[in-house]
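*Asks:* Here's a sequence, model it:
(6 chains)
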6 protein chains.
Amino acid sequence: MRKVVISLGGSILVKGEDDEAYIRELVEGLASVSDDVRFIIVTGGGKLARDHISIGRRVGLDEATLDSMGILATRMNAWLIIGAFKCVDVYPRPFTSLEEAIIGASAKKFTIGGGTHPGHTTDAVSALIAEMWRADLFINLTAVDGAYTADPKKDTDAERIPEMTSKELVELVSGTVRGAGSHSVMDPLAASVIHRAGIRTMILDGRDISNLLSCISGERTHGTVIAPGE
Amino acid sequence: MRKVVISLGGSILVKGEDDEAYIRELVEGLASVSDDVRFIIVTGGGKLARDHISIGRRVGLDEATLDSMGILATRMNAWLIIGAFKCVDVYPRPFTSLEEAIIGASAKKFTIGGGTHPGHTTDAVSALIAEMWRADLFINLTAVDGAYTADPKKDTDAERIPEMTSKELVELVSGTVRGAGSHSVMDPLAASVIHRAGIRTMILDGRDISNLLSCISGERTHGTVIAPGE
Amino acid sequence: MRKVVISLGGSILVKGEDDEAYIRELVEGLASVSDDVRFIIVTGGGKLARDHISIGRRVGLDEATLDSMGILATRMNAWLIIGAFKCVDVYPRPFTSLEEAIIGASAKKFTIGGGTHPGHTTDAVSALIAEMWRADLFINLTAVDGAYTADPKKDTDAERIPEMTSKELVELVSGTVRGAGSHSVMDPLAASVIHRAGIRTMILDGRDISNLLSCISGERTHGTVIAPGE
Amino acid sequence: MRKVVISLGGSILVKGEDDEAYIRELVEGLASVSDDVRFIIVTGGGKLARDHISIGRRVGLDEATLDSMGILATRMNAWLIIGAFKCVDVYPRPFTSLEEAIIGASAKKFTIGGGTHPGHTTDAVSALIAEMWRADLFINLTAVDGAYTADPKKDTDAERIPEMTSKELVELVSGTVRGAGSHSVMDPLAASVIHRAGIRTMILDGRDISNLLSCISGERTHGTVIAPGE
Amino acid sequence: MRKVVISLGGSILVKGEDDEAYIRELVEGLASVSDDVRFIIVTGGGKLARDHISIGRRVGLDEATLDSMGILATRMNAWLIIGAFKCVDVYPRPFTSLEEAIIGASAKKFTIGGGTHPGHTTDAVSALIAEMWRADLFINLTAVDGAYTADPKKDTDAERIPEMTSKELVELVSGTVRGAGSHSVMDPLAASVIHRAGIRTMILDGRDISNLLSCISGERTHGTVIAPGE
Amino acid sequence: MRKVVISLGGSILVKGEDDEAYIRELVEGLASVSDDVRFIIVTGGGKLARDHISIGRRVGLDEATLDSMGILATRMNAWLIIGAFKCVDVYPRPFTSLEEAIIGASAKKFTIGGGTHPGHTTDAVSALIAEMWRADLFINLTAVDGAYTADPKKDTDAERIPEMTSKELVELVSGTVRGAGSHSVMDPLAASVIHRAGIRTMILDGRDISNLLSCISGERTHGTVIAPGE
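*Replies:* Numbering: from 1, shown residues only, chains lettered A, B, ... in the order given. Okay, the predicted model is just below:
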């Protein structure tokens, strides 16, 4: 049995366009993967979280409370994916702790949840689950097609890094500022957990499902692969 | 000590315009009420819930799962109000059961939560809490300024009913179709609970806060008042 | 795998006579069904609940509190059935939420519980579980042998309805008064959930176990069958 | 503030006769006690538990499962008392752990619950709560008017013991056989906890409420008083 | 499928010497047992618990609170064993109730936890689980190689009892004084549960793993065997 | 009412020497503070956690599982402090979430707990609570008497920094390596939360209780004070 953890960015999941088509395609694609692969999927909050956090911040909510609110948004997104499986080989509620994710995955091919505690991103949750579960593969689905030498939206010279070590990933993401809803290719805590746990990792474009399926089956075509090590 | 339960429609709370100003005004208004009034506030899901439910329904989620998702939206709205009180005399998390609401209200002036179980609207949750807590007053804040003889959006002859009995309310709302996110002046289960429990009830325009405060203090000016009885 | 939800009326389960023999026969009968059928069984409160609710109502308890008390009675009945399986292929405690029922059913042939929230009958709980679980069959076991054109205890002209649509069921049961411990062939919320979810349904005499087993295996002999549709 | 724990035998609470009058009198009596006394009340299962346990034992349930079922009966009885207080200065649900009892008692004059774990009688639960809460007084309400030198129902020479030490109580009750629903003046674990914790204890006739109130206020008239010590 | 419950004394598990080697050997040994044996393992608190309880008692903590603290020590030991299985066929967190133990064991070969409630030793928890689970074998791993006619540490004439009945075990252990951290060959409640449930039982030297494995496979070599009966 | 959060390093709490005297002095000191100060105290794991984590790491446990084990050690330390208050104005169990800490503090002068989630130090938990609770003062009790320009154990030129800004604190602690049981003057996440939330902070020698009490009352004598700001 192979164990795969997917961190599914909320911004990928619900963009306000094609959501229905994307979710159907994702769920059908994953369902088609061989049954000896088990998945734990961690959904982010995306637009849903950001909009509400934005109102909350203006009303004067503190960041830890905004995180608590954002966690509920990640679970709403988890329900969307759970429901899309129509009760076939899916753990029937969003997990709310690391251990519940692993318990779910011992009975079902698909187990899905979101954030678990204020102060942790869903990337960090994904990485901690991958460590406890001793996952074979960690996949970070984002809005870009891999890790870049710089932010590709701001710097036209930015180049995608096809391969790197987990140590290099830790160095790449260090210095990122924490804050509910902030972005980067991966949360620093997630990167350091992946590094210490020695988990093979991929950063992929979350909207390219055929590429995702190829990467899961081992015939990778596009993205960034992070190998454990210095 | 007077006990007041407020069912705060999600569509009132987050309209996508003036949200910040409205929430601040609401919270400041309620904070100004005499400390011998205690409040349990039940927030609806509103646009946040409806948008996500709409995606979910298109993806093929069943209604009970959509309800589970919608409950999280109501709790996100509850966090907005909780946070706006800035940790002053407020129970510090959304309650998730009838009893937790009442426990919260035994220590704090304000206790806030949303839905508690699939198949129940937040109106029904509010009414069940009001019954168990033996509330003195139940206030339903909606997008219109009271119960009407017909739907005022569709029928220009519709007239606001200034006063009615709880039995009449039950009759008015019977026949309403159930379904996640559907609307009416009050959920039929809520109406029947109010009637059997004999709780004084008001239906008010949720955006008119000075009117709300007047109604709480007893100098009512505008809306529908429901007196217990046949 | 076929999925069957059974709403087992408490009045069927514990009548104060033959209880031991009935429970043994029921459990042995269900255990003999093919292992590719999975069951979620929802037990009612019956006499146990009614007696205590009756004392409580005289002492002045409100209806929502009486419901909370009654839910415990339904779980005592669930323990009776769970224990009767003697730890063989049964989820080992009464579920307390819709999702826990479905989690149990993913590991075990039999999962049993009672009420989950004040304001919902065990019929309604059964129907919501059937919807979320996407059950193939919903069986309502009652004290009569099907739905009748009128109450057969009061009206000698009442005739059993052998077949009807879910829409017709909704119409038949509408107008029933809510109240802890009140009776009818099926709770209106349960009927409307069954209708919206399109679940094949049977109303059977709960004491006729050989008929029950025939109905499960498809060679139905006696009762009312409700087909999804208008 | 004085802290009083009452172990209220289920057989006292629900006898099938005068229940309504007894519960009203008990609740009104306790409500009339000075507000600087706080109560934690632990309700037994009584007839309700025994009847169901008896069916369960005949169906073949093991004793630990019967205990789990009996705990629900104790909580149904707890709901009866909670509800009778009509939401006035009462913790609004049956506690389910020792700590929850103490949390409840920090906010409310009355906190009520039943059993907490298979293998413990409600006497034992009461004594453990009394120890953790550092109660001033432990009252065991039973069907007889104190501890006797022998079983007064069987031995006409049995004499009530007006005063004894906690060490003597431990010796009196040692040798009692354990088993769901079995009886004696006090469970041996309860007696040993009372002894080690040094808690003043009374064994009183549970149906004599005026005597109970006198004992609480210190003007004791009738029963057995156990003083901490050898 | 055979069901085995092991009560693993904390003093066996962590002695402050060879801990790593012992835990590895234990886990590897149990993993080598045929997959049609399922294990529920209950870990004691041992030195970890005793040291902290000792500080706590000097600071003035009551015994029930010390028990609550000791339960956490038993769960720390449970985590040690869980972690040593490296996420292979193990329930991924310490169970915290009897039923959770049984739920875990329905999905996994190994399910591990510690204490569940103040006032119960881990022996008692083990026995209650064995009863509810209808275990085939209960193994008590201790610091001595069986039950003796007297305490072998104090009395050089003490002889190991190779075989006895459960009734004889109950008599042997009766009279033991209760108190957090106190010792004897088996807790009296555990003995009485084993006796009433009729579970075959062994008392073995916990450090002799090859003997343990022989006993599990039925080729017993050394220890005390307790046969159900008078 | 002033709100004070204390992060009480486990290494301060249980050193294996004078523990009893220290805990008594600490508890008596804090009890003597004016009742209009409310405390939430977060206990670390200290030697208890480190010893067990050390065994676990040698047996091959992953870091996230070691964290889960360490959290239980922090709660054992919390029980020590809770018990030392002897049920006087203390929340009677270790909190297990940020919100439970705040709920406890709304009813009691002292609320105590430890870690809440793998991947967070108890410093981080303390800071998140301080933010949500809108604490007036955050005190970090450590084994040294403040923040130094370098590690005072390794560098004799290290100088204590009497005053600094929260921005300077963030810079001082950045770059610290994460890992269960690792040390520094404050966890980087804690520092960044303090900075963003603008909470006045002190780093003090945890064994100097009279200094601690002076700092709480405002007549500070010794340590490092961190003022919110750049």
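*Asks:* How about residue A:108: what's its closest non-neighbour residue?
*Replies:* Nearest residue to residue A:108 in three dimensions, chain neighbours excluded: residue A:91, at 4.6 Å (CB to CB, 6 or more residues apart in numbering or on different chains). All C-beta atoms are positioned from the backbone trio N, CA, C, and that covers glycine.
*Asks:* isn't that neighbour right next to residue C:103, touching?
*Replies:* Yes. Checked against CB atoms under 8 Å, the pair residue A:91 and residue C:103 is within contact range at 7.2 Å.
*Asks:* Same drill for those two, tell me which one is more crowded.
*Replies:* Taking other CB atoms under 10 Å in any protein chain shown, residue A:91 and residue C:103 do not tie; residue A:91 has more neighbours (26 against 22).
*Asks:* still on that earlier bit, find the residues that touch each one of residue A:91 and residue C:103.
*Replies:* Taking CB atoms under 8 Å, 6 or more residues apart in numbering or on different chains as the criterion, residue A:91 and residue C:103 both touch residue A:107.
*Asks:* Run through the neighbouring helices and strands of the helix or strand encompassing residue A:41.
*Replies:* Counting by DSSP states H and E, the element that carries residue A:41 is strand A:37-43. With contacts taken as 3 or more CB pairs under 8 Å, 6 or more residues apart in numbering or on different chains; DSSP states H and E, strand A:37-43 sits against strand A:2-8, helix A:63-84, helix A:98-107, strand A:110-113, helix A:122-133.
*Asks:* Which one, of the ones you listed, ends up nearest to chain C?
*Replies:* When those are ranked by proximity to chain C, the top entry is helix A:98-107, at 5.3 Å, counting by CB to the nearest CB.
*Asks:* average model confidence for the closest one?
*Replies:* For helix A:98-107, the per-residue pLDDT values average out at 96.
*Asks:* anything in it sitting right up against chain B?
*Replies:* No. Helix A:98-107 is not in contact with chain B by CB under 8 Å from any CB of the partner chain; minimum separation 15.8 Å.
*Asks:* does any bit of that helix sit next to chain C?
*Replies:* Yes. On the criterion CB under 8 Å from any CB, helix A:98-107 is in touch with chain C at residue A:107.
*Asks:* After the worst-scoring helix or strand of chain A on mean pLDDT, which helix or strand is next?
*Replies:* Of all regular secondary-structure elements in chain A, judged by mean pLDDT, DSSP states H and E, the least confident is helix A:10-13 with a mean of 85. Per DSSP H and E, the first helix or strand lying C-terminal to helix A:10-13 is helix A:19-31.
*Asks:* Please save the CA atoms from the least confident helix or strand of chain A in PDB.
*Replies:* Output of helix A:10-13 as PDB, limited to C-alpha atoms (Å, rounded to 0.1, in the frame of the first residue of the first chain):
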ATOM      1  CA  GLY A  10      -8.100  26.400  -1.200                       C
ATOM      2  CA  SER A  11      -7.500  28.900  -4.000                       C
ATOM      3  CA  ILE A  12      -7.200  25.900  -6.400                       C
ATOM      4  CA  LEU A  13     -10.300  24.300  -5.200                       C
END
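*Asks:* same for that helix, what does it pack against?
*Replies:* Packing partners of helix A:10-13 (3+ CB pairs under 8 Å, 6+ apart): helix A:19-31, helix A:46-59, helix A:63-84.
*Asks:* Repeat the analysis, applying 10 Å as the threshold.
*Replies:* helix A:19-31, strand A:37-43, helix A:46-59, helix A:63-84, strand A:137-142 (3 or more CB pairs under 10 Å, 6 or more residues apart in numbering or on different chains; DSSP states H and E).
*Asks:* Helix or strand: which one has residue A:210?
*Replies:* Element membership for residue A:210, per DSSP H and E: helix A:209-217.
*Asks:* distance of the residue lying closest to residue A:94 once chain neighbours are set aside from chain D?
*Replies:* Leaving out its chain neighbours, the residue that sits closest to residue A:94 by CB to CB, 6+ apart is residue A:78, at 3.8 Å. With the distance defined as CB to the nearest CB, to the nearest Å, residue A:78 ends up 28 Å from chain D.
*Asks:* Check residue A:222 too.
*Replies:* Per CB to the nearest CB, residue A:222 is found 53 Å from chain D.
*Asks:* so what's that residue up against?
*Replies:* With contact taken as CB atoms under 10 Å, 6 or more residues apart in numbering or on different chains, residue A:222 is in contact with A:145-146, A:160, A:162, A:204-205, A:208, A:210-212, A:214-215.
*Asks:* Tell me the one of those residues nearest chain E?
*Replies:* The shortest gap between chain E and any of these belongs to residue A:215, at 23.0 Å (CB to the nearest CB).
*Asks:* List the contacts of the closest one.
*Replies:* Contacts of residue A:215 were listed using CB under 10 Å, 6+ apart, and they are A:4, A:137, A:139, A:202, A:204, A:208, A:221-223, A:225.
*Asks:* The same query, at a cut-off of 6 Å, please.
*Replies:* When the contact criterion is CB atoms under 6 Å, 6 or more residues apart in numbering or on different chains, the partners of residue A:215 are residue A:202.
*Asks:* Which per-residue confidence value corresponds to it?
*Replies:* For residue A:215, the pLDDT comes out at 95.
*Asks:* again, but for the one 4 residues further on
*Replies:* The pLDDT attached to residue A:219 in the predicted structure is 87.
*Asks:* Reformat the helices and strands packed on helix A:10-13 as a markdown table; add mean neighbour count.
*Replies:* Putting these into a markdown table (neighbours: other CB atoms under 10 Å in any protein chain shown) gives the following:
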| stretch | mean neighbour count |
| --- | --- |
| helix A:19-31 | 17 |
| strand A:37-43 | 25 |
| helix A:46-59 | 21 |
| helix A:63-84 | 27 |
| strand A:137-142 | 25 |
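*Asks:* Those: lowest mean pLDDT?
*Replies:* Per-stretch mean pLDDT for the helices and strands packed on helix A:10-13 is lowest at helix A:46-59 (a mean of 92).
*Asks:* what's that one packed up against?
*Replies:* helix A:10-13, helix A:63-84, helix B:19-31, helix B:63-84 (3 or more CB pairs under 6 Å, 6 or more residues apart in numbering or on different chains; DSSP states H and E).
*Asks:* Contact residues of chain A facing chain F?
*Replies:* With CB under 6 Å from any CB of the partner chain as the criterion, chain A comes near chain F at residues A:62-65, A:117-119, A:128, A:131-132, A:178, A:192, A:196.
*Asks:* Can you lay out the residues you listed as CSV showing distance to chain B?
*Replies:* Below are the residues of chain A next to chain F laid out as CSV (distance: CB to the nearest CB, whole Å):
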residue, distance to chain B
A:62, 7
A:63, 10
A:64, 10
A:65, 4
A:117, 13
A:118, 11
A:119, 16
A:128, 22
A:131, 27
A:132, 25
A:178, 19
A:192, 29
A:196, 32
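*Asks:* between those, which is nearest chain E?
*Replies:* Closest approach to chain E among the residues of chain A next to chain F (CB to the nearest CB): residue A:132, at 7.0 Å.
*Asks:* Now do the closest one against residue B:92, distance only.
*Replies:* Residue A:132 sits 29 Å away from residue B:92, taking CB to CB, to the nearest Å as the criterion.
*Asks:* Tell me who's in contact with the residue nearest to residue A:94.
*Replies:* By CB under 6 Å, 6+ apart, the residues touching residue A:78 are A:43, A:94, A:112-114.
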